[in-house]
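K.L.:
Quick one: sequence and predicted model below, then my questions.
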Amino acid sequence: MRNFNYLILVLFSLIFASACKPGVEDYGDLKPLDETKAVVKVIIGSAYPGNPRMYVKANGKRITPKILMRQPYPGGGFGTNGAATNEFILLDAGSTEFELALPQKVDNGEDSIVFHRARFDLEKGGKYTLLFSDTLSATKATIIKENLTVPDSGTFRYQIINMIPNVESVDLYIGKWASGTTAVNHSSEMDTLIMSNIKYMEVSEPFVIRSGFKRTFKIRPHQAPVIESNVLARYSSSATSSSNYFEYLDRKVLTIFTMGYAGMTTSDQMPYLSFSITR
């Protein structure tokens, strides 16, 4: 009887221990992050009329679907054509040739036009954002090595890259929050210069700003008078959903990118000020 009671106790203990183990969800064939690899996010800043969908290839293979300009992929950001998440593409480290291409009208897997090719060395464990700017034979590419460390509580960490081809350099300001992207209801009276002389296809040093406040980000040509008529593009940091309000977020890492053409007014080619979520 004693042995039987002991057996019951052991069986009960095994059943209890099994029940206490957390359930394991099957998400299919997942590939864990491998520090021998590199991760890349893609931003197309080539402002074509009609905003055609393009794709990016790495060493001859497509690494993106057909995406729009101003659409960080994968992931997205604020003031973009994407979502609002921080995701990357896993690639082999080493010398990598990237191509920006347009598909055939009926996509058969072949390129219709390759706008640009650029080769970059990806380090093992490296985190990068790959950016394209301008159009046709003037297309350029650059790559940013990202820092994914989390900033202090109550702050955002930013960097800004200027991808407006016909503006040699820009200045970034932060001003009083106002709704909309046009000059209506906006004022320059409280604008504060944050970063100066950001040249075309160059990225600024990182900078930190307190979170928890509504504000309007603005760019002007370098050393232009601080008036609303000189604003090339602006973004008010309060979105239409409370989950996207900058004042409700904290400890984010964002890359600000400008694109489009100064003087253009169509939605496909006008200047934009957008935010890609890095972390």
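P.N.:
Good, I have the coordinates.

K.L.:
Check which element follows the longest strand seen in the chain along the chain.
P.N.:
Longest strand in the chain, counting residues (DSSP state E): strand 111-122. Counting by DSSP states H and E, the next helix or strand C-terminal to strand 111-122 is strand 127-133.

K.L.:
how about the helices in this structure?
P.N.:
Taking DSSP state H as the criterion, the chain carries its helices at 2-20.

K.L.:
Where does pLDDT dip in it?
P.N.:
Applying pLDDT under 70 to the chain flags residues 1-33, 179-185, 238-249.

K.L.:
if we go to 90?
P.N.:
Scanning the chain for pLDDT under 90 picks out 1-36, 75-79, 81-87, 148-156, 175-190, 209-216, 235-252, 277-279.

K.L.:
Pull the number of nearby residues for residue 273.
P.N.:
25 (other C-beta atoms under 10 Å). C-beta coordinates here come from the backbone N, C-alpha and C atoms, glycine included.

K.L.:
Which residue comes closest to it once chain neighbours are left out?
P.N.:
Take residue 273 and drop its neighbours on the chain: the residue closest to it by C-beta to C-beta, 6 or more residues apart in numbering is residue 233, 4.0 Å away.

K.L.:
go on, residue 116?
P.N.:
Residue 116's closest residue in space is residue 139 (C-beta to C-beta, 6+ apart), at 3.8 Å.

K.L.:
hmm, back to that, hang on, isn't the residue nearest to residue 273 packed against residue 216?
P.N.:
No: with contact defined as C-beta atoms under 8 Å, residue 233 does not count as touching residue 216 (10.9 Å).

K.L.:
quick one, what contacts the residue nearest to residue 161 when sequence neighbours are not counted?
P.N.:
Leaving out its chain neighbours, the residue that sits closest to residue 161 by C-beta to C-beta, 6+ apart is residue 203, at 4.3 Å. If you count contacts by C-beta atoms under 8 Å, 6 or more residues apart in numbering, residue 203 has them with 142, 144, 159, 160, 161, 255.

K.L.:
how near is residue 203 to residue 79?
P.N.:
18 Å (C-beta to C-beta, to the nearest Å).

K.L.:
now residue 253
P.N.:
Distance from residue 253 to residue 79, by C-beta to C-beta: 16 Å.

K.L.:
And the strands in the stretch 1-150 of the chain, which stretches?
P.N.:
37-45, 55-58, 61-62, 77-78, 89-92, 94-103, 111-122, 127-133, 140-145 (DSSP state E, counting those that start in this stretch).

K.L.:
before we move on, the earlier item: neighbour count: residue 233 and residue 216, which is higher?
P.N.:
residue 216 (24 against 21).

K.L.:
Could you give the bridge partners of the more buried one?
P.N.:
residue 175, residue 236 (DSSP bridges).

K.L.:
Would you check that it makes contact with residue 177?
P.N.:
Yes: the pair residue 216 / residue 177 is scored as a contact, 5.4 Å apart, by C-beta under 8 Å.

K.L.:
Show me the common contact partners of these two, please.
P.N.:
What both residue 216 and residue 177 touch, as defined by C-beta under 8 Å, 6+ apart, is the set 236, 237.

K.L.:
Who are the contact partners of the residue nearest to residue 273?
P.N.:
181, 218, 219, 258, 260, 270, 271, 272, 273.

K.L.:
Then residue 139?
P.N.:
46, 100, 115, 116, 132, 133.

K.L.:
go on, residue 72?
P.N.:
41, 42, 43, 80, 82, 129, 276, 277.

K.L.:
Same check on residue 60?
P.N.:
Taking C-beta under 8 Å, 6+ apart as the test, what residue 60 contacts is 97, 99.

K.L.:
got it, and the one 10 residues further on?
P.N.:
Taking C-beta under 8 Å, 6+ apart, we find residue 70 in contact with 43, 44, 45, 79, 80, 81, 259, 272, 274.

K.L.:
Who are the contact partners of the last one?
P.N.:
Yep, that's residue 274 we're talking about. 70, 77, 78, 79, 80, 235, 256, 257, 258, 259.

K.L.:
so the last one sits right up against residue 163, yeah?
P.N.:
Read it as residue 259. Yes: taking C-beta under 8 Å as the definition, residue 259 is a contact partner of residue 163 at 4.4 Å.
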